[in-house]
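Engineer: Output the structure for:
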Amino acid sequence: MDPPPPTVHRREALTLVVLSCAGLLGLAPSRGATFDPVAVLAWAALSAPALGVLAGALLPATTAPLVCLPWWPAVSAASLRAGAALPDPTGAWWALAGLFGLGWGAGRLSGRHAVRLACAALLLTGLLACLPGGGGRLARPWPPRVAARLLDLSPVAVVTECAGLDFMRHPEVYGPVGTMDIGPQLRGPWRAPVAAPSLLLLGAALAGLARLRAAR
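Structural biologist: Below you'll find the model as predicted:
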């Protein structure tokens with residue numbers, strides 16, 4: 001079998017760079033003293049599943065994981081330079097890798113519908129991130145038990161809490177979501193050793209389904 005032409009490798013490399021950089025767009029407005037780790041991690045959390053879908057459809061399985069590889073050093077270095085170091089950047093990266101892996105498995109399963117699925121994934125992650133605070137439209141917060149479960153589903157909560165940040169006490173969350181009424185008996189923070197493997201296993205299961213479907 002003849003080796004693939006160089007243009008194929010160049011196309012894969014360009015796709016890899018574009019997808020990887022897209023996950024770091026949250027760094028663009030975060031310079032100097034205005035750096036907000038939550039804002040950077042929020043964009044990465046929202047975009048990781050959609051980027052995973054595209055990687056699963058456009059890149060070989062051996063290359064796709066490289067998309068999220070630069071995210072950890074970039075976010076960690078930017079936070080140190082701005083004097084707002086993340087407590088656990090490695091935990092944040094594993095959570096992002098888990099969300100990316102979930103999207104990757106869905107992308108392997110989607111086939112020719114990857115672009116539409118990626119757009120749907122971006123809309124879904126945005127919806128899940130907005131639901132705890134009702135998008136700022138709630139006259140009063142959800143009941144504490146409901147708010148706790150909605151926070152559990154928020155990809156932003158997953159990544160920021162795996163980064164060691166107290167997401168429930170963030171000013172944009174504390175009042176709008178009413179987390180002052182959510183005690184430890186209702187909800188505890190996400191941790192990377194629990195969140196990341198669960199997401200990666202689910203992504204692997206979806207990729208396995210894709211392989212079975214192709215075999216049939």
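Engineer: Which helix in this structure has the most residues?
Structural biologist: Taking DSSP state H as the criterion, the chain has its longest helix at helix 192-215.
Engineer: For it, buried residues please.
Structural biologist: 192, 195-196, 199-200, 203, 206-207, 210 (16 or more other Cβ atoms under 10 Å). Yep, even glycine has a C-beta here, placed from its N, CA and C like the rest.
Engineer: Touching the least confident helix or strand in the chain by mean pLDDT from outside, list them.
Structural biologist: Within the chain, confidence by mean pLDDT, DSSP states H and E is lowest for helix 71-81 among all helices and strands, at a mean of 78. Here helix 71-81 makes contact (Cβ atoms under 8 Å, 6 or more residues apart in numbering) with 20, 23-24, 27, 30, 35, 37, 40-41, 44, 85-86, 89-90, 92-93, 96.
Engineer: so can I have a markdown table of the buried residues of helix 192-215 showing pLDDT?
Structural biologist: Compiled in a markdown table, those are given as follows (pLDDT from 0 to 100):
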| residue | pLDDT |
| --- | --- |
| Ala192 | 93 |
| Ala195 | 95 |
| Ala196 | 94 |
| Leu199 | 95 |
| Leu200 | 94 |
| Gly203 | 93 |
| Leu206 | 91 |
| Ala207 | 89 |
| Ala210 | 85 |
